[in-house]
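Enquirer: fold the following and give me the result.
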Amino acid sequence: MKRLTLPLSREDALSLRAGDTVLLSGTLYTGRDAAHKRLVALLEEGKPLPFPIEGQTIYYVGPAPARPGRPVGPAGPTTSYRMDAYTPALLRCGLRAMIGKGRRSPQVVAAMKEAGAVYFGATGGAAALISRAIVSAEVVCYEDLGAEAVHRFEVRDFPAVVLIDSQGNDLYEIGPEKYRL
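Expert: Take a look at the predicted model:
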């Protein structure tokens with residue numbers, strides 16, 4: 001298992017391969033489709049984004065309310081394809097990694113290859129366990145979206161698997177090959 005510090009360096013992103021397991025520590029941002037739509041609208045208007053995206057990681061999550069003494073409640077990944085219409089624009093601005101679950105479109109994979117970015121998978125159904133890796137959380141923007149607002153998370157040993165690497169290798173495609181007769 002590889003230990004990586006966020007924001008993720010280009011060299012680290014390029015060194016990862018589909019199937020690698022990692023523990024991520026540092027700062028990441030959250031966002032789902034409504035927030036992504038607003039971020040891309042800002043780009044289209046030529047306006048700056050509300051947080052620095054260069055080298056950053058976005059986790060596709062809408063965390064549940066926090067229990068007393070915890071920064072967030074259960075925080076499991078959401079299905080990533082809902083962000084696919086917006087992701088290439090963010091990758092062109094320097095987004096280095098995404099965390100979610102499920103397949104990505106060919107357009108996103110092509111944009112990832114061009115940007116040298118990676119797509120991590122977090123285990124769906126383990127939202128309460130994943131939240132233990134989140135040591136602090138604060139809303140950055142779009143508070144009106146509630147749980148789907150953009151948050152800044154500080155994470156320690158956030159477990160993930162490289163689903164698609166910067167070369168376009170896709171674990172959803174190559175993984176099953178190991179089991180074909």
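Enquirer: only C-alpha atoms for contact and neighbour calcs from this point on.
Expert: Fine.
Enquirer: any chance you could map the helices in this protein?
Expert: Secondary structure of the chain, counting by DSSP state H: helices at 10-15, 33-44, 87-92, 106-115, 127-131, 171-177.
Enquirer: which one, of those, ends up nearest to residue 141?
Expert: helix 33-44 (8.7 Å; C-alpha to C-alpha).
Enquirer: what residues of the closest one count as buried?
Expert: By 16 or more other C-alpha atoms under 10 Å, the buried positions in helix 33-44 come out as 33, 35, 36, 39, 40.
Enquirer: equivalent analysis for stretch 135-150, please.
Expert: For stretch 135-150, by 16+ other C-alpha under 10 Å, it's 137, 139, 141, 142, 147, 148, 149, 150.
Enquirer: so for it, what's the average pLDDT?
Expert: The average pLDDT for stretch 135-150 rounds to 96.
Enquirer: what sits up against it?
Expert: 29-32, 34-35, 50-51, 61-65, 70-72, 151-156 (C-alpha atoms under 8 Å, 6 or more residues apart in numbering).
Enquirer: returning to what we had before: which pair in the buried residues of stretch 135-150 spans the largest distance?
Expert: Between any two of these (C-alpha to C-alpha), the greatest distance is 14.5 Å, for 137 and 142.
Enquirer: make CSV out of the helices of the chain and add mean pLDDT and distance to residue 3.
Expert: Formatted as CSV, the helices of the chain follow (pLDDT from 0 to 100; distance: least, C-alpha to C-alpha, whole Å):
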stretch, mean pLDDT, distance to residue 3
helix 10-15, 97, 10
helix 33-44, 97, 28
helix 87-92, 98, 23
helix 106-115, 98, 22
helix 127-131, 88, 16
helix 171-177, 87, 20
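Enquirer: now tabulate these in CSV and tack on distance to residue 56.
Expert: Output for those, formatted as CSV (distance: least, C-alpha to C-alpha, whole Å):
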stretch, distance to residue 56
helix 10-15, 10
helix 33-44, 14
helix 87-92, 10
helix 106-115, 12
helix 127-131, 19
helix 171-177, 22
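Enquirer: of all those helices, which one comes closest to residue 79?
Expert: Of the helices of the chain, nearest to residue 79 by C-alpha to C-alpha is helix 33-44, at 10.1 Å.
Enquirer: now do that closest one: which elements does it pack against?
Expert: helix 87-92 (3 or more C-alpha pairs under 8 Å, 6 or more residues apart in numbering; DSSP states H and E).
Enquirer: give the other helices and strands that the helix it packs on contacts.
Expert: Contacts defined by 3+ C-alpha pairs under 8 Å, 6+ apart place helix 87-92 against helix 33-44, helix 106-115.
Enquirer: try 7 Å this time
Expert: Other helices and strands packing on helix 87-92, by 3 or more C-alpha pairs under 7 Å, 6 or more residues apart in numbering; DSSP states H and E, are helix 106-115.
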